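J.: Structure for this input, please:
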Amino acid sequence: MTAPIVELIGDTPLIRLKAASDATGCEIFGKAEFLNPGGSVKDRTALGLICAAEADGSLTPGGVIVEGTAGNTGIGLALVAGALGYKALIVMPRGQSAGKREALIAAGAQIIEVDPAPYSSEHHFVHASRRIADSLPNAVWANQFDNPANKAFHAATTGREILEQTDGQVDGFICAAGTGGSLAGIASALRAAKPAVKIGLADPAGGALYSWFTQGELKSQGGSITEGIGVGRITGQLEGLEVDHAYRIEDADFLPILFDLIQTEGLSLGGSAGVNIAGAISLAKDLGPGKTIVTLLCDSGARYAGKLFNPEFLRARGLPVPPWTEPDAAAGLSA
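T.: Sure, this is the predicted structure:
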(Lines give C-alpha, C1' and ligand atoms only; values in the text may rest on other atoms or scores of the structure.)
Protein backbone atom coordinates (compact mmCIF):
# COMPACT_ATOMS: atom_id res chain seq x y z
CA MET A 1 0.00 0.00 0.00
CA THR A 2 1.27 3.46 -0.83
CA ALA A 3 0.69 6.62 1.18
CA PRO A 4 0.84 10.30 0.27
CA ILE A 5 4.05 11.86 1.53
CA VAL A 6 2.17 13.94 4.11
CA GLU A 7 0.95 10.75 5.81
CA LEU A 8 4.56 9.82 6.49
CA ILE A 9 5.15 12.93 8.60
CA GLY A 10 5.22 12.25 12.32
CA ASP A 11 4.88 9.08 14.38
CA THR A 12 8.67 9.00 14.68
CA PRO A 13 10.18 6.51 17.14
CA LEU A 14 11.96 7.20 20.39
CA ILE A 15 15.61 6.10 20.46
CA ARG A 16 17.24 5.36 23.80
CA LEU A 17 20.47 7.32 24.01
CA LYS A 18 22.72 4.81 25.71
CA ALA A 19 25.72 6.94 26.70
CA ALA A 20 23.56 9.79 27.99
CA SER A 21 21.33 7.38 29.91
CA ASP A 22 24.21 5.42 31.41
CA ALA A 23 26.02 8.61 32.46
CA THR A 24 23.05 10.00 34.36
CA GLY A 25 21.14 6.98 35.66
CA CYS A 26 18.09 8.23 33.78
CA GLU A 27 16.36 6.93 30.68
CA ILE A 28 17.05 9.56 28.03
CA PHE A 29 15.26 9.20 24.72
CA GLY A 30 15.60 11.15 21.49
CA LYS A 31 12.60 11.45 19.19
CA ALA A 32 13.92 10.58 15.74
CA GLU A 33 12.59 13.56 13.81
CA PHE A 34 15.30 13.11 11.18
CA LEU A 35 13.17 10.21 9.88
CA ASN A 36 10.48 12.56 8.58
CA PRO A 37 10.31 12.66 4.74
CA GLY A 38 12.06 16.02 4.53
CA GLY A 39 14.63 14.95 7.10
CA SER A 40 13.70 17.15 10.04
CA VAL A 41 11.21 18.07 12.74
CA LYS A 42 10.20 21.05 10.60
CA ASP A 43 8.15 18.79 8.34
CA ARG A 44 5.59 18.84 11.15
CA THR A 45 5.64 22.63 11.29
CA ALA A 46 5.20 22.84 7.54
CA LEU A 47 2.24 20.48 7.51
CA GLY A 48 0.59 22.24 10.43
CA LEU A 49 0.95 25.68 8.82
CA ILE A 50 -0.38 24.53 5.47
CA CYS A 51 -3.32 22.65 6.98
CA ALA A 52 -4.27 25.74 9.00
CA ALA A 53 -4.08 27.98 5.91
CA GLU A 54 -6.29 25.56 3.99
CA ALA A 55 -8.77 25.42 6.85
CA ASP A 56 -9.16 29.19 7.12
CA GLY A 57 -9.41 29.64 3.35
CA SER A 58 -6.31 31.81 2.95
CA LEU A 59 -4.55 29.14 0.88
CA THR A 60 -6.40 28.24 -2.29
CA PRO A 61 -5.62 25.77 -5.11
CA GLY A 62 -2.42 26.60 -6.95
CA GLY A 63 -1.38 29.10 -4.28
CA VAL A 64 2.12 30.10 -3.21
CA ILE A 65 3.40 29.62 0.33
CA VAL A 66 6.04 32.20 1.29
CA GLU A 67 8.21 31.88 4.36
CA GLY A 68 11.37 33.26 5.88
CA THR A 69 13.48 30.36 7.12
CA ALA A 70 17.07 29.34 7.69
CA GLY A 71 16.45 26.05 5.91
CA ASN A 72 14.57 23.11 7.37
CA THR A 73 11.09 24.66 7.49
CA GLY A 74 11.56 25.65 3.86
CA ILE A 75 12.43 22.07 2.92
CA GLY A 76 9.32 20.81 4.67
CA LEU A 77 7.12 23.50 3.11
CA ALA A 78 8.45 22.73 -0.36
CA LEU A 79 7.78 19.00 -0.04
CA VAL A 80 4.32 19.37 1.48
CA ALA A 81 3.43 22.13 -0.99
CA GLY A 82 4.43 19.96 -3.92
CA ALA A 83 2.43 17.02 -2.60
CA LEU A 84 -0.69 19.16 -2.18
CA GLY A 85 -0.50 21.19 -5.39
CA TYR A 86 1.07 24.43 -4.15
CA LYS A 87 4.38 26.22 -4.68
CA ALA A 88 6.88 27.31 -2.05
CA LEU A 89 8.97 30.49 -2.09
CA ILE A 90 11.63 30.62 0.62
CA VAL A 91 13.44 33.73 1.83
CA MET A 92 16.61 32.89 3.73
CA PRO A 93 19.63 34.76 5.10
CA ARG A 94 22.90 34.28 3.29
CA GLY A 95 25.55 32.20 5.03
CA GLN A 96 23.49 29.10 5.82
CA SER A 97 25.03 25.69 5.23
CA ALA A 98 25.42 24.65 1.60
CA GLY A 99 23.69 21.40 2.46
CA LYS A 100 20.51 23.17 3.52
CA ARG A 101 20.46 25.38 0.43
CA GLU A 102 20.99 22.40 -1.83
CA ALA A 103 18.27 20.46 -0.02
CA LEU A 104 15.84 23.37 -0.54
CA ILE A 105 16.51 23.36 -4.26
CA ALA A 106 16.23 19.57 -4.39
CA ALA A 107 12.85 19.82 -2.65
CA GLY A 108 11.54 22.15 -5.36
CA ALA A 109 11.64 25.44 -3.47
CA GLN A 110 12.30 28.76 -5.10
CA ILE A 111 14.85 30.68 -3.03
CA ILE A 112 15.49 34.36 -2.42
CA GLU A 113 18.58 35.11 -0.30
CA VAL A 114 18.95 38.33 1.65
CA ASP A 115 21.80 39.77 3.69
CA PRO A 116 21.70 38.88 7.41
CA ALA A 117 20.13 41.62 9.52
CA PRO A 118 18.84 41.94 13.09
CA TYR A 119 15.16 41.29 13.67
CA SER A 120 14.67 44.98 14.42
CA SER A 121 15.67 45.81 10.84
CA GLU A 122 13.13 45.88 8.03
CA HIS A 123 15.69 43.91 6.01
CA HIS A 124 15.52 40.86 8.30
CA PHE A 125 14.60 37.78 6.27
CA VAL A 126 11.31 37.28 8.14
CA HIS A 127 10.11 40.81 7.38
CA ALA A 128 11.27 40.47 3.79
CA SER A 129 9.24 37.28 3.40
CA ARG A 130 6.10 39.02 4.66
CA ARG A 131 6.50 41.87 2.16
CA ILE A 132 7.04 39.44 -0.68
CA ALA A 133 3.95 37.43 0.28
CA ASP A 134 1.89 40.63 0.37
CA SER A 135 3.09 41.58 -3.12
CA LEU A 136 2.19 38.29 -4.83
CA PRO A 137 -1.25 37.18 -6.01
CA ASN A 138 -2.69 34.04 -4.44
CA ALA A 139 0.11 33.87 -1.87
CA VAL A 140 0.09 33.30 1.88
CA TRP A 141 2.76 34.08 4.47
CA ALA A 142 3.38 30.99 6.59
CA ASN A 143 4.72 33.04 9.54
CA GLN A 144 6.18 30.09 11.44
CA PHE A 145 7.53 32.27 14.26
CA ASP A 146 4.19 33.73 15.33
CA ASN A 147 1.47 31.61 13.69
CA PRO A 148 -0.33 29.71 16.49
CA ALA A 149 -0.85 26.76 14.13
CA ASN A 150 2.82 25.84 14.65
CA LYS A 151 2.51 25.31 18.38
CA ALA A 152 -0.93 23.73 18.09
CA PHE A 153 0.25 21.12 15.60
CA HIS A 154 3.14 20.06 17.84
CA ALA A 155 0.79 19.77 20.81
CA ALA A 156 -1.59 17.59 18.80
CA THR A 157 1.07 15.36 17.24
CA THR A 158 4.57 15.45 18.76
CA GLY A 159 3.39 15.90 22.32
CA ARG A 160 0.68 13.26 21.98
CA GLU A 161 3.16 10.77 20.51
CA ILE A 162 5.62 11.27 23.37
CA LEU A 163 2.88 10.56 25.90
CA GLU A 164 1.83 7.42 24.04
CA GLN A 165 5.38 6.16 23.55
CA THR A 166 6.29 6.60 27.22
CA ASP A 167 2.92 5.36 28.51
CA GLY A 168 2.57 8.77 30.12
CA GLN A 169 5.65 8.18 32.28
CA VAL A 170 7.71 11.10 30.99
CA ASP A 171 9.32 13.15 33.76
CA GLY A 172 11.05 15.80 31.68
CA PHE A 173 11.21 17.24 28.19
CA ILE A 174 13.82 19.62 26.84
CA CYS A 175 14.85 21.13 23.53
CA ALA A 176 16.24 24.27 21.96
CA ALA A 177 14.04 26.92 20.40
CA GLY A 178 14.10 28.24 16.85
CA THR A 179 10.53 29.42 16.51
CA GLY A 180 9.67 27.87 19.86
CA GLY A 181 6.76 25.93 18.36
CA SER A 182 8.14 22.50 19.23
CA LEU A 183 9.06 23.44 22.79
CA ALA A 184 5.84 25.29 23.61
CA GLY A 185 3.51 22.87 21.84
CA ILE A 186 5.03 19.76 23.38
CA ALA A 187 5.16 21.42 26.81
CA SER A 188 1.45 22.23 26.53
CA ALA A 189 0.50 18.64 25.68
CA LEU A 190 2.69 17.07 28.34
CA ARG A 191 1.59 19.42 31.11
CA ALA A 192 -2.08 18.88 30.27
CA ALA A 193 -1.60 15.13 30.83
CA LYS A 194 1.01 15.26 33.58
CA PRO A 195 1.23 18.62 35.40
CA ALA A 196 4.36 17.57 37.32
CA VAL A 197 6.45 17.11 34.18
CA LYS A 198 9.53 19.36 34.03
CA ILE A 199 10.15 21.43 30.92
CA GLY A 200 13.64 22.56 29.99
CA LEU A 201 15.22 24.92 27.49
CA ALA A 202 18.60 24.19 25.91
CA ASP A 203 19.92 27.43 24.44
CA PRO A 204 23.06 27.61 22.31
CA ALA A 205 25.65 30.30 22.99
CA GLY A 206 24.46 33.46 21.27
CA GLY A 207 20.80 32.78 22.03
CA ALA A 208 18.90 35.16 24.29
CA LEU A 209 16.37 32.81 25.85
CA TYR A 210 18.64 31.43 28.58
CA SER A 211 18.93 34.90 30.10
CA TRP A 212 15.20 35.50 29.58
CA PHE A 213 14.17 32.41 31.54
CA THR A 214 16.83 32.82 34.23
CA GLN A 215 17.07 36.61 34.60
CA GLY A 216 13.99 38.02 32.90
CA GLU A 217 15.88 39.87 30.17
CA LEU A 218 16.75 39.10 26.57
CA LYS A 219 20.53 39.12 26.44
CA SER A 220 22.80 37.08 24.21
CA GLN A 221 26.33 36.03 25.02
CA GLY A 222 28.90 34.47 22.72
CA GLY A 223 28.08 32.69 19.48
CA SER A 224 27.48 29.24 18.03
CA ILE A 225 28.03 27.31 14.82
CA THR A 226 24.53 25.85 15.12
CA GLU A 227 21.82 26.95 12.70
CA GLY A 228 18.11 27.55 13.12
CA ILE A 229 18.11 27.75 16.94
CA GLY A 230 19.09 30.38 19.47
CA VAL A 231 16.24 32.85 18.96
CA GLY A 232 16.76 36.42 20.13
CA ARG A 233 13.17 37.41 20.89
CA ILE A 234 9.96 36.10 22.43
CA THR A 235 8.12 34.76 19.43
CA GLY A 236 4.39 34.19 19.32
CA GLN A 237 5.04 30.52 20.05
CA LEU A 238 6.92 31.34 23.25
CA GLU A 239 4.51 33.89 24.71
CA GLY A 240 3.31 32.68 28.10
CA LEU A 241 5.61 29.66 28.19
CA GLU A 242 7.03 28.77 31.61
CA VAL A 243 10.29 26.84 31.71
CA ASP A 244 11.41 24.92 34.80
CA HIS A 245 15.09 24.56 33.86
CA ALA A 246 17.19 26.51 31.36
CA TYR A 247 20.75 25.77 30.24
CA ARG A 248 23.25 27.53 28.02
CA ILE A 249 25.07 24.99 25.86
CA GLU A 250 28.46 25.85 24.41
CA ASP A 251 29.65 24.41 21.09
CA ALA A 252 32.64 22.82 22.83
CA ASP A 253 30.22 20.93 25.09
CA PHE A 254 27.87 19.44 22.50
CA LEU A 255 30.35 18.60 19.72
CA PRO A 256 32.01 15.71 21.61
CA ILE A 257 28.54 14.30 22.26
CA LEU A 258 27.79 14.33 18.53
CA PHE A 259 31.12 12.72 17.69
CA ASP A 260 30.62 10.00 20.30
CA LEU A 261 27.11 9.24 19.03
CA ILE A 262 28.50 8.55 15.56
CA GLN A 263 31.23 6.26 16.81
CA THR A 264 29.33 4.35 19.49
CA GLU A 265 25.61 4.55 18.66
CA GLY A 266 25.52 4.95 14.89
CA LEU A 267 23.71 8.28 14.98
CA SER A 268 24.86 11.20 12.83
CA LEU A 269 22.93 14.25 13.96
CA GLY A 270 22.83 18.00 13.43
CA GLY A 271 23.97 20.66 15.86
CA SER A 272 20.52 21.32 17.31
CA ALA A 273 20.28 17.66 18.34
CA GLY A 274 23.68 18.00 20.01
CA VAL A 275 22.45 21.01 21.98
CA ASN A 276 19.28 19.12 22.89
CA ILE A 277 21.12 16.04 24.14
CA ALA A 278 23.56 18.15 26.16
CA GLY A 279 20.53 19.86 27.67
CA ALA A 280 18.86 16.51 28.40
CA ILE A 281 21.98 15.35 30.25
CA SER A 282 21.95 18.53 32.35
CA LEU A 283 18.24 18.15 33.07
CA ALA A 284 18.75 14.50 34.05
CA LYS A 285 21.47 15.47 36.51
CA ASP A 286 19.19 18.08 38.07
CA LEU A 287 16.17 15.76 38.32
CA GLY A 288 18.16 12.82 39.64
CA PRO A 289 18.43 9.12 38.70
CA GLY A 290 15.49 7.02 37.61
CA LYS A 291 13.69 9.68 35.58
CA THR A 292 12.53 9.43 31.96
CA ILE A 293 13.56 12.38 29.81
CA VAL A 294 12.75 13.04 26.16
CA THR A 295 14.34 15.41 23.67
CA LEU A 296 14.27 15.91 19.90
CA LEU A 297 16.78 14.63 17.36
CA CYS A 298 15.83 17.36 14.91
CA ASP A 299 17.80 16.44 11.80
CA SER A 300 20.83 14.54 10.54
CA GLY A 301 24.42 15.66 10.43
CA ALA A 302 24.74 15.38 6.65
CA ARG A 303 23.42 18.91 6.01
CA TYR A 304 26.13 20.37 8.24
CA ALA A 305 29.12 18.29 7.19
CA GLY A 306 31.00 21.39 6.09
CA LYS A 307 30.83 22.74 9.64
CA LEU A 308 30.27 20.04 12.24
CA PHE A 309 32.64 17.49 10.76
CA ASN A 310 35.13 19.75 9.02
CA PRO A 311 38.35 19.71 11.07
CA GLU A 312 39.76 22.84 9.44
CA PHE A 313 36.57 24.81 10.12
CA LEU A 314 36.46 23.62 13.72
CA ARG A 315 40.15 24.13 14.50
CA ALA A 316 39.98 27.68 13.18
CA ARG A 317 37.42 28.36 15.92
CA GLY A 318 39.24 26.49 18.66
CA LEU A 319 36.61 23.74 18.76
CA PRO A 320 36.95 19.96 19.17
CA VAL A 321 37.30 17.98 15.94
CA PRO A 322 35.97 14.51 15.09
CA PRO A 323 38.53 12.01 16.46
CA TRP A 324 38.46 9.95 13.28
CA THR A 325 39.74 12.94 11.28
CA GLU A 326 42.94 13.25 13.32
CA PRO A 327 46.10 12.51 11.29
CA ASP A 328 46.97 9.42 13.33
CA ALA A 329 43.42 7.99 13.42
CA ALA A 330 44.01 5.56 10.55
CA ALA A 331 47.19 4.24 12.15
CA GLY A 332 45.19 2.94 15.08
CA LEU A 333 43.13 0.71 12.78
CA SER A 334 46.15 -1.34 11.81
CA ALA A 335 47.46 -1.79 15.32
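
J.: CA atoms for contacts and neighbours, from now on please.
T.: Will do.

J.: what ranges of the stretch 1-150 of the chain fall below the confidence cut-off?
T.: With pLDDT under 70 as the threshold, the stretch 1-150 of the chain has low-confidence stretches at 1-3.

J.: so where do the strands sit in it?
T.: Remark: strands assigned in the stretch 1-150 of the chain by DSSP state E, counting those that start in this stretch are 14-16, 27-32, 64-68, 87-93, 110-114, 139-141.

J.: Make JSON lines out of those strands and add mean neighbour count.
T.: JSON lines is the format used below for those (neighbours: other C-alpha atoms under 10 Å):
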{"stretch": "strand 14-16", "mean neighbour count": "17"}
{"stretch": "strand 27-32", "mean neighbour count": "24"}
{"stretch": "strand 64-68", "mean neighbour count": "27"}
{"stretch": "strand 87-93", "mean neighbour count": "24"}
{"stretch": "strand 110-114", "mean neighbour count": "16"}
{"stretch": "strand 139-141", "mean neighbour count": "22"}
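
J.: looking at the ones you listed, which is closest to residue 55?
T.: Residue 55 lies closest, by C-alpha to C-alpha, to one member of the strands of the stretch 1-150 of the chain: strand 139-141, at 12.9 Å.

J.: which other residues reach the closest one?
T.: Under the contact criterion C-alpha atoms under 8 Å, 6 or more residues apart in numbering, strand 139-141 has outside partners 53, 58-59, 63-67, 129-130, 133-134.

J.: Tell me the one of the residues you listed nearest residue 268?
T.: Distance to residue 268, by C-alpha to C-alpha, is smallest for residue 67 among the contacts of strand 139-141, at 27.9 Å.

J.: quick check: mean pLDDT across the longest helix seen in the chain?
T.: The longest helix of the chain (DSSP state H) is helix 271-287. Taken as a whole, helix 271-287 has a mean pLDDT of 98.

J.: Equivalent analysis for stretch 222-232, please.
T.: Summarised as a single mean, pLDDT over stretch 222-232 is 94.

J.: measure it end to end?
T.: The straight-line separation of the ends of stretch 222-232 (C-alpha to C-alpha, to the nearest Å) is 13 Å.

J.: Any chance of the strands of the stretch 1-150 of the chain in a markdown table with distance to residue 188 as columns?
T.: What follows is these, written out as a markdown table (distance: least, C-alpha to C-alpha, whole Å):
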| stretch | distance to residue 188 |
| --- | --- |
| strand 14-16 | 19 |
| strand 27-32 | 17 |
| strand 64-68 | 25 |
| strand 87-93 | 29 |
| strand 110-114 | 34 |
| strand 139-141 | 25 |
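
J.: among those strands, which is nearest residue 253?
T.: strand 27-32 (17.6 Å).

J.: what distance separates that closest one from the centre of its chain?
T.: Its chain's C-alpha centre and that of strand 27-32 lie 15 Å apart, by C-alpha atoms, centre = their mean, to the nearest Å.

J.: Touching, residue 281 and residue 27? I think so.
T.: No. Counting by C-alpha atoms under 8 Å, residue 281 does not reach residue 27; the two are 10.1 Å apart.

J.: Residues that sit against both of the two, list them.
T.: Joint contacts of residue 281 and residue 27 (C-alpha under 8 Å, 6+ apart) are residue 21.

J.: Domain-wise, how is the protein divided?
T.: Domain ranges of the chain: 5-36+157-316, 42-141, per automatic domain parsing.

J.: what's the spacing between the nearest residue to residue 305 once chain neighbours are set aside and residue 301?
T.: In space, residue 305 comes closest to residue 99 once its chain neighbours are excluded; the distance is 7.8 Å by C-alpha to C-alpha, 6 or more residues apart in numbering. Per C-alpha to C-alpha, residue 99 is found 10 Å from residue 301.

J.: do the same with residue 174
T.: 20 Å.

J.: for residue 173, same thing?
T.: Relative to residue 301, residue 173 is positioned 22 Å away (C-alpha to C-alpha).

J.: neighbour-wise, which of those two wins?
T.: The neighbour count for residue 173 versus residue 301, taken as other C-alpha atoms under 10 Å, is higher for residue 173 (28 against 23).

J.: What score does the spatially most central residue of the chain have for pLDDT?
T.: Closest to where the C-alpha atoms of the chain average out (C-alpha atoms, centre = their mean) is residue 298, at 4.8 Å. For residue 298, the pLDDT comes out at 98.

J.: for the one 3 residues further on, same thing?
T.: Reading off the per-residue confidence, residue 301 sits at a pLDDT of 96.

J.: can you pull out the helices in the stretch 51-200 of the chain?
T.: With helices called from DSSP state H, counting those that start in this stretch, the stretch 51-200 of the chain shows them at 72-84, 98-106, 125-135, 148-154, 160-165, 181-193.

J.: And those: which comes nearest residue 241?
T.: helix 181-193 (6.3 Å).
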